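Student: got a sequence here, can you model it:
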Amino acid sequence: MRHWRQWIDPTFADPELEENYNAAYLEENISITRISLWIWQSANLLLIGMDYLLLGCGRMFFLVLGLRLCAFVYFLLFTRFLRRVRLVAVYQRTLFVAMIIGAGLFLAINLTRPPTYLQHTVVDVVGVLCLYLFFPNRFLYRLLPALLLTVGSILLYIFVKTVLNPGIILVTLVSYGLVNFLGLLVSARLYGARRKEFQSHLAEQAAQAKIARLAMEDDLTGIANRRHFYRQAETEFAHFQRSKRPLALLMLDLDHFKQINDKYGHGIGDATLIRFAKFVAAQIRQEDLFGRVGGEEFAILLREATAEQAAAMGERIRAGVAQLPVPGGGAGEHFKVSIGLAAAAEWDASFDSLFGRADRALYLAKKQGRNRLAIAGEELKEGENSVAQTSILDHGSSVSVVDSAGGNSTDSGLGGGRPGD
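Tutor: Residues are numbered from 1 along each chain as shown. Next up, the predicted model:
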């Protein structure tokens, strides 16, 4: 039964998908309806000449003429109304009502015809077929007006045009039966094929979106990969140069990650990276950009954030990560992270400069003992090696800022490579 229903009325089982389909084809459906109505009403006006030949210039002719003109004006106003329709439900309901009224007007016109006049039967049959084909609507909305026109015409032939030969009436009944069957069959296949086309289009869009997502996402952690992160970061840095709005960069590197891989295997190492990425993603703001830029190295670009705000976030991440256990590791075994911070400055010629300063601050955090945050000082310009650092110990109880001008020595060989993990 369900297969039969799907055969004559192909619809999507998912209501949301059906709604999206109708919305996608709304403009096309309205265009089809308006063109069909113009064709239908052009034929309606052309038959005025036939009415004159059959009825002469008498009262009955003017009655039919009035009905035809009423139908023409009604559908003219309706086509103008359709130009403003933007909702699927409004389109479907108003079209259904219009077709019911149109079928009633068609029957009223036929009622005025001479009992022996059969030429209009062809027009009736074509009209029924048009209700199935040219009005892409919900199945019942197509079926009911067609059945009204069919049943009304048959009753007209049987009970009003009683002078007709029974054989002619039988042929008429068979004709209506065939045209309704063909209407059901052809409209079902037509709109079923259009739904398949819509599904194929959705599948193609989904595949393209997946490809685009894979091109931007890190395949392990699901966050931005290096290429996408760098591209977006360069755009944000260009905005900083124009607006001078605050911009900060955090570089994060897991401490002793190689030991985790060597001790537990790469499966546990991957699980550690995933856990870390999920935790950090939950700590940052929606407007921040988080990406994986190396094996166990990550970066966070903080829009509209000062160095102090970025440092607070970095410390919150550092302290939280220190409480995370290694997935599948030994009891009480935790992994930790070192963080380098740099705030965008006017002397940064490009994002590369900002990235390099944050990376050197990360090197300093590693060298100073890991599990801490180091901040690149504002006086650090292109080619200079002075760094201001914020050292945050494991317990996080104190924060000290030290710069080269203050007499506390920091390492001057920042370009010599990062200490081992």
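Student: per-domain residue ranges of the chain.
Tutor: What the record gives for the chain is the domain set 2-207, 226-406, from automatic domain parsing.
Student: how far does the longest one sit from its chain's centre?
Tutor: In terms of CA atoms, centre = their mean, to the nearest Å, the centre of domain 2-207 is set 34 Å apart from its chain centre.
Student: returning to that earlier point: most packed of the domains of the chain?
Tutor: Here the criterion is mean neighbour count by mean count of other CB atoms under 10 Å, and of the domains of the chain the winner is domain 226-406, at a mean of 18. Where C-beta positions appear, they are placed from N, C-alpha and C, glycine not excepted.
Student: V293 is in contact with A233, isn't it?
Tutor: No: counting by CB atoms under 8 Å, no contact exists between V293 and A233, whose distance comes to 9.7 Å.
Student: overlap in contacts, those two.
Tutor: By the contact definition CB atoms under 8 Å, 6 or more residues apart in numbering, V293 and A233 are jointly contacted by A299.
Student: follow-up on the earlier one: okay, the domains of the chain in TSV with mean pLDDT next?
Tutor: Shown next, in TSV, are the domains of the chain (pLDDT from 0 to 100):
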stretch	mean pLDDT
domain 2-207	81
domain 226-406	85
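Student: how about the helices in the stretch 301-421 of the chain?
Tutor: Per DSSP state H, counting those that start in this stretch, the stretch 301-421 of the chain has helices spanning 307-321, 351-367. These are given in chain order.
Student: export those as CSV, with columns for distance to L247.
Tutor: CSV is the format used below for the helices of the stretch 301-421 of the chain (distance: least, CB to CB, whole Å):
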stretch, distance to L247
helix 307-321, 9
helix 351-367, 8
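Student: wait, which of the ones you listed is closest to W40?
Tutor: In this view, the helices of the stretch 301-421 of the chain are compared for proximity to W40 by CB to CB, and helix 351-367 is the closest at 63.5 Å.
Student: in this protein, where's the longest helix?
Tutor: Residue-count comparison of every helix in the chain, with assignments taken from DSSP state H, identifies helix 166-216 as the longest.
Student: so A108 sits against L67, correct?
Tutor: Yes: taking CB under 8 Å as the contact criterion, A108 and L67 are neighbours in contact, 5.6 Å apart.
Student: still on that earlier bit, kindly reformat the domains of the chain as JSON lines containing distance to L220.
Tutor: What follows is the domains of the chain, written out as JSON lines (distance: least, CB to CB, whole Å):
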{"stretch": "domain 2-207", "distance to L220": "22"}
{"stretch": "domain 226-406", "distance to L220": "6"}
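Student: please, where are all the strands along this structure?
Tutor: In chain order, the chain shows strands spanning 247-254, 289-292, 297-303, 337-343, 373-375, 389-392, 399-402, with DSSP state E as the criterion.
Student: so how far is the fifth one from its chain's centroid?
Tutor: Offset of strand 373-375 from its chain centre (CA atoms, centre = their mean): 41 Å.
Student: what of the second one?
Tutor: Centroid separation for strand 289-292 versus its chain: 24 Å, with CA atoms, centre = their mean.
Student: now swap in the fourth one and tell me
Tutor: In terms of CA atoms, centre = their mean, the gap separating the centre of strand 337-343 from the centre of its chain is 36 Å.
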